[in-house]
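Asker: Using only what follows, build the 3D model:
(one chain, ligands or ions: 2)
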Amino acid sequence: MKIQDEVILLLGKTGAGKSTLGNQLLGSRDNKPFKASVSLVSQTENCEVATLTIDGKNYDLVDTPGLFDNRDGSLDPLKVITEFVHQCAGGVRAILLVLEAGRITDEEKNALSTIRKFLGNDATDNFIVVFSKAEPERVMDKQINWNEIEILRSFIEQIGHRWSVAPMRQYYNEDQRRANEKRLMEIKKFISHIKVPYTTKQFEKVQEEQKRLKKEEERRNEKIRMEEERRKDEKRAGILASVVAGAEIGSTVHPVVGTIVGSAAGLLFGVVNASW
Ligand SMILES: Nc1nc2c(ncn2[C@@H]2O[C@H](COP(=O)(O)OP(=O)(O)O)[C@@H](O)[C@H]2O)c(=O)[nH]1
Ligand SMILES: [Mg+2]
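Answerer: Residues are numbered from 1 along each chain as shown. Ligands and ions are numbered 1, 2, ... in the order given. Predicted structure coming up:
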């Protein structure tokens, strides 16, 4: 796999329609280089690359493993994407975030916030949201009610309304064919209008910052844990001191019985005291 040109990343969950959209952007003459999945098992374990030409400029279009595919721990897509982005010397021109229209569940919302955090604010100018699997009328009218979902609304507003609808997988008349063509042109126009590519340097900065935040959080948690330990130790020491004091008082009354009764009283006192 060789990365020479600016990169266009296809991101999203498995089954969202990334490979299908990639093939549509490449056009049928490119012989469908990306494998579309027939089941919900990801067909793309590593990143796959094909050349996409827009207005005479070549880009490396990259199909990535689906986010949240690593339920069995065998694949960490963020790691695969990280390794990949590090090879993109020319930077990432566009990030096509593919979301299934009408199926924005908590998982999609999580995917969205994970990827936002993962790439950082610098990537804001490079995102394009593409809604896939929309009904034909929605592809034709570009009608998606994303503004009803708060996290989507804020994200799409933040990225300057760069959103579109993926073309229909199959079309049956001229109107639908034209609508598909229009949507593809729109996505390509968004791509070529993005001014500055997202660089590996920016990505590394975000990764460093996240590592630092993680370490800070670990340190904070360790401090809390130690504080709890200390409090527990104090509690234990308090009980022990009460037992000893009780035994001493008891033994002055009666050497054996007094010690036992005194210890018990001390223990009770200690426990009651410690629980306050
Ligand atoms: N109905 C419908 N199915 C689609 C559309 N796009 C993709 N699919 C199907 O959804 C499944 C997953 O698509 P795929 O491109 O492999 O998703 P990926 O895992 O994100 O790459 C495949 O069976 C596709 O044929 C669409 O626009 N409409
Ligand atoms: Mg795929």
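
Asker: quick check: domain ranges of the protein?
Answerer: Domains of the chain are assigned by automatic domain parsing as 6-198, 223-274.

Asker: hey, least reliable of these by pLDDT?
Answerer: Of all the domains of the chain, domain 223-274 carries the lowest average pLDDT, namely a mean of 72.

Asker: which residues does the residue in the stretch 151-276 of the chain that ligand 2 sits nearest to contact?
Answerer: Ranking the residues of the stretch 151-276 of the chain by distance to ligand 2 (C-beta to the ion) places Ala166 first, at 13.1 Å. In this view, the C-beta of every residue, glycine as well, is placed from N, C-alpha and C. Going by C-beta atoms under 8 Å, 6 or more residues apart in numbering, Ala166 touches 17, 20-21, 24, 98, 130-134, 139, 183.

Asker: Do a quick rundown of the helices in the protein.
Answerer: 18-26, 77-86, 106-119, 136-141, 150-158, 174-193, 200-253, 257-274 (DSSP state H).

Asker: and the angle for the first one with helix 174-193?
Answerer: With axes from the mean of the first three to the mean of the last three C-alpha atoms, to 10 degrees defining the directions, helix 18-26 sits at 90 degrees from helix 174-193.

Asker: Give me the spatial nearest neighbour of the residue of the stretch 151-276 of the chain closest to ligand 2, chain neighbours excluded.
Answerer: Once flanking residues are discounted, Ala166 sits nearest to Ser132: 4.2 Å by C-beta to C-beta, 6 or more residues apart in numbering.

Asker: My guess is the one you found contacts Leu21. True?
Answerer: Yes: counting by C-beta atoms under 8 Å, Ser132 touches Leu21, with 6.3 Å between them.

Asker: Who has more neighbours out of those two?
Answerer: Neighbour count, other C-beta atoms under 10 Å: between Ser132 and Leu21, Leu21 has more, with 26 against 21.

Asker: Report the contact partners of the more buried one.
Answerer: Contacts for Leu21 were tallied using C-beta under 8 Å, 6+ apart; they are 10, 96, 98, 130, 132, 166-167.

Asker: Repeat that for Glu135.
Answerer: By C-beta under 8 Å, 6+ apart, the contact list for Glu135 is empty.

Asker: quick one, phi psi at Ile144?
Answerer: Main-chain dihedrals, Ile144, degrees, to the nearest 10: phi -130, psi 130.

Asker: Quick check: it touching Ala134?
Answerer: Yes: using C-beta under 8 Å, Ile144 is in contact with Ala134, at 6.6 Å.

Asker: which neighbours do the two share?
Answerer: Going by C-beta under 8 Å, 6+ apart, residues that sit against Ile144 and also against Ala134 are 101, 165.

Asker: and the residue lying closest to His86 once chain neighbours are set aside, what does it touch?
Answerer: Leaving aside its chain neighbours, His86 sits nearest to Thr200 (5.8 Å; criterion: C-beta to C-beta, 6+ apart). Applying C-beta under 8 Å, 6+ apart, we find Thr200 in contact with 85-86, 88-89, 91.

Asker: Of the residues you listed, which is the nearest to ligand 2?
Answerer: The closest of these to ligand 2 turns out to be Val85 (C-beta to the ion; 18.0 Å).

Asker: interface residues of the stretch 151-276 of the chain facing ligand 1?
Answerer: Residues of the stretch 151-276 of the chain lying near ligand 1 by C-beta under 6 Å from any ligand atom: 166, 168-169.

Asker: For those, could you give me TSV that also reports distance to Ile156?
Answerer: Formatted as TSV, these follow (distance: C-beta to C-beta, whole Å):
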residue	distance to Ile156
Ala166	16
Met168	22
Arg169	24
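
Asker: do you know which of the domains of the chain lies nearest Lys211?
Answerer: Nearest of the domains of the chain to Lys211, taken as C-beta to C-beta: domain 6-198 at 11.9 Å.

Asker: Sounds good, over and out.
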